[in-house]
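# Okay, predicted coordinates and the sequence, questions at the end:
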Amino acid sequence: MKATNSLGDDIEVERAAYDAYLELKDDLAKDGVFIDLDSARRSIAAQQDIVVRFTEKYGEDYVKRYVAVPGYSEHHTGLALDLYLNIDGEDVYLNEDMVQHPEIWAKIHAKLADHGFILRYLEGKEDITGYSYEPWHIRYVGDVSVAKEIMEKGITLEEYLGKLPTTDVAPPEG
């Protein structure tokens, strides 16, 4: 389905994830925290465009840490949502500006599981996920009890699913 954010951007998102997002958004607004969707489902071409734009703006090292290779992004599913903040009536959507508000992200993260979401890329888990911490990137898992277990344990989706990355070392020959 398609939604339009406060910036006027059309966002394509999976219906169940969007419905849960709207509930999360309403729940947070009761506490004076205001969010909107920056992006959700992306085509491979749109992901490639992000790689190009972010490489020009932030450099290759940043892109390797924060941007999925086209064809491998969770955004292709419509279940991964990137949020942005609205603070005192102003939209805060640039990554470098959003990270300046850890207290707001903490309030958002505390309510994710109640609506079937998890924080996808946790701080200190880069070796598992392959990506740096992104407080704005959430993933709809649907089942509130699963989301709560993942969030309460402070684990990644990979850890929950038992799919930890393997070593880069080749097995012995023979």
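Yep, it's here.
# Show me the shaky parts of the protein.
164-174 (pLDDT under 70).
# Can you report how many residues neighbour K2?
Other residues near K2 come to 10 when the count uses other C-beta atoms under 10 Å. C-beta: built from backbone N, CA, C; applies to glycine.
# OK, contacts around it?
K2 makes contacts with D10, I11, E12, V13, as judged by C-beta atoms under 8 Å, 6 or more residues apart in numbering.
# just the buried members of the residues you listed?
For the contacts of K2, a burial check counting by 16 or more other C-beta atoms under 10 Å picks out I11, E12, V13.
# just the residues you listed now: which is nearest G89?
Nearest to G89 among the buried ones among the contacts of K2, counting by C-beta to C-beta, is I11 at 20.8 Å.
# for R42, phi and psi?
phi -130, psi 140 (degrees, to the nearest 10).
# going forward, begin numbering at 17 instead of 1
Taking 17 as the first residue, the last one we looked at is R58.
# Give me the nearest residue to it, chain neighbours excluded.
Nearest non-adjacent residue to R58, counting by C-beta to C-beta, 6 or more residues apart in numbering: H91, 4.1 Å away.
# Contact partners for the one you found?
S55, A56, R57, R58, Q63, A84, D98.
# Relative to M17, how far out is the nearest residue to the second one once chain neighbours are set aside?
Using C-beta to C-beta, 6+ apart and skipping residues adjacent in sequence, the residue nearest A56 is V29, 3.6 Å away. Taking C-beta to C-beta, to the nearest Å as the measure, V29 falls 6 Å from M17.
# what's the answer for I124, then?
Using C-beta to C-beta, I124 is found at 22 Å from M17.
# Sounds good, over and out.
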